[in-house]
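A.B. asks: sequence? don't have it. structure:
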């Protein structure tokens, strides 16, 4: 089951992963990273960077994207 925003944030604190460091590495704003961590927005690139920084599969951290209806 994917983590909640609160779970993701706690895991980042536990592992010493800073949102600002991810933002700098990706050349995006800290707000963009924060929005993805909290679940307010989606970005495959930021989600992947968070997953790699935490050493966890992206699917474990974020819910699957809904496929458009055919």
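C.D. replies: Ah, there it is. Computed from a predicted model, the values in this text were never measured in an experiment.
A.B. asks: all helices for the protein, in order.
C.D. replies: Per DSSP state H, the chain carries helices over the ranges 5-15, 19-26, 30-38, 44-54, 58-61.
A.B. asks: as CSV, the ones you listed with mean pLDDT and mean neighbour count would be great.
C.D. replies: (Each C-beta comes from the backbone N, C-alpha and C, glycine too.) Output for those, formatted as CSV (pLDDT from 0 to 100; neighbours: other C-beta atoms under 10 Å):
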stretch, mean pLDDT, mean neighbour count
helix 5-15, 96, 14
helix 19-26, 97, 16
helix 30-38, 96, 18
helix 44-54, 96, 17
helix 58-61, 92, 14
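A.B. asks: quickly note the distance from residue 28 to residue 4.
C.D. replies: Distance of residue 28 to residue 4, computed by C-beta to C-beta, to the nearest Å: 22 Å.
A.B. asks: what of residue 44?
C.D. replies: Taken as C-beta to C-beta, the span from residue 44 to residue 4 is 19 Å.
A.B. asks: list the contacts for residue 18?
C.D. replies: Taking C-beta atoms under 8 Å, 6 or more residues apart in numbering as the criterion, residue 18 is in contact with residue 12.
A.B. asks: quickly note the distance from it to residue 2.
C.D. replies: From residue 18 across to residue 2, the span is 22 Å (C-beta to C-beta).
A.B. asks: if you count what's nearby, which of residue 28 and residue 4 comes out ahead?
C.D. replies: Between residue 28 and residue 4, counted using other C-beta atoms under 10 Å, the more crowded position is residue 28 (16 against 12).
A.B. asks: which ones are touching the residue lying closest to that one once chain neighbours are set aside?
C.D. replies: In space, and not counting its chain neighbours, residue 28 is closest to residue 46: 6.7 Å by C-beta to C-beta, 6 or more residues apart in numbering. Applying C-beta under 8 Å, 6+ apart to residue 46 gives the contacts 22, 26, 28, 32, 33, 36.
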